[in-house]
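Chemist: Any chance you can model this:
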Amino acid sequence: MKSQKYTVVTIMAMAIGFASFFAAAAPTNFKLEKQRPHDIVDVSKTIPQMQFDMRYFSSHNFVGRQVHGYEEPACLLTASAVAALKQVEDKLLPMGLTLKAYDCYRPQSAVDDFAHWATDPNDAKMKAEFYPAVPKDRLFDEGYVAAHSGHSRGSTIDLTIVPLGSTIPSVDGKTTLVDCAAPAAVRVPDNSLDFGTGYDCFNEASHPSFKNISAQAKANRLLLQSLMVDAGFVSIDTEWWHFTLNNEPYPNTYFDFPVRHISL
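Modeler: Sure, this is the predicted structure:
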């Protein structure tokens with residue numbers, strides 16, 4: 001891949017474009033809340049057999065470092081989202097399967113961190129794994145990075161299905177990066193069932209309707225989507241792992257308290 005050269009004018013234009021995007025993308029009639037609401041639940045304490053691979057607390061993510069706002073590897077969601085999620089878990093356990101979360105509640109400070117990272121053309125150390133086919137200055141235009149995230153409302157989760165009792169591989173600090181859309185056997189290790197791509201893969205292959213994946217990966221996507229939708233979640237058309245509770249309790253509130261485990 002040819003290296004890209006950025007002039008001062010180009011970088012200024014990128015910054016102006018991102019500022020315009022922030023203004024255009026901001027939801028109307030929303031509020032930013034710094035305090036954790038009383039009905040936010042630590043999912044690990046409610047669904048104990050679920051697994052938690054909190055990628056933004058680690059360095060194995062598209063930024064390549066711990067993201068701002070993630071002080072502990074906790075999965076936090078509203079109680080209503082957790083109650084719905086438990087319906088899914090209860091259906092998977094008899095199959096010898098369980099859910100694994102990659103990200104749950106995401107503070108606005110983390111979203112801002114992503115946005116700032118996206119304006120730095122020189123920081124592309126994770127490109128080979130997470131966005132090899134997308135120029136970094138196109139991440140906003142193509143919808144992979146945004147100024148606001150449904151995760152910050154507390155009822156959105158990124159997740160997958162894994163064998164019950166399996167172990168989450170440790171990949172922090174490893175230097176070999178493999179395209180997230182490569183076959184599962186050669187991708188960076190994950191104990192997930194094969195869904196056709198890795199998590200946070202900025203590629204059309206991550207779209208739930210993408211056809212050019214194995215029959216098993218299609219079946220796994222269908223299983224996850226059908227269980228989540230039946231439990232009251234809605235999906236999006238660009239990420240097989242992303243679901244939001246349809247009747248979320250805070251549809252117009254974006255929270256910005258840090259991610260930490262909640263004591264009972």
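Chemist: sec struct for Lys45, please.
Modeler: helix (DSSP: H, G, I helix; E, B strand; the rest coil).
Chemist: burial count for it?
Modeler: By other CB atoms under 10 Å, 14 other residues sit near Lys45. Every C-beta, even on glycine, is put in place using the N, C-alpha and C of the backbone.
Chemist: same question, the one 5 residues further on
Modeler: The number of residues packed near Met50 is 22, by other CB under 10 Å.
Chemist: so it makes contact with Lys100?
Modeler: Yes. Here Met50 reaches Lys100: they are 7.0 Å apart, a contact under CB atoms under 8 Å.
Chemist: average pLDDT across stretch 142-153?
Modeler: Per-region confidence: stretch 142-153 scores 92 on mean pLDDT.
Chemist: What residues sit buried inside that stretch?
Modeler: Buried residues in stretch 142-153, defined by neighbour count with 16 or more other CB atoms under 10 Å: Tyr144, Val145, Ala146, Ala147, His148, Ser149, Gly150, His151, Ser152, Arg153.
Chemist: quick one: which of those residues sit in strands?
Modeler: The strands, defined by DSSP state E, take in nothing from the buried residues of stretch 142-153.
Chemist: okay, and for the protein, where does confidence drop off?
Modeler: Applying pLDDT under 70 to the chain picks out residues 1-27, 173-175, 264.
Chemist: Please enumerate the strands of it.
Modeler: 31-33, 40-42, 51-52, 76-78, 97-103, 156-163, 233-235, 242-245, 253-255.
Chemist: Partner strands of the longest one and their direction?
Modeler: By that I understand strand 156-163. In the sheet, strand 156-163 lines up against strand 97-103 (antiparallel), strand 242-245 (antiparallel) (DSSP bridges).
Chemist: Repeat that for the first one.
Modeler: When sheet partners are counted by DSSP bridges, strand 31-33 sits next to strand 253-255 (parallel).
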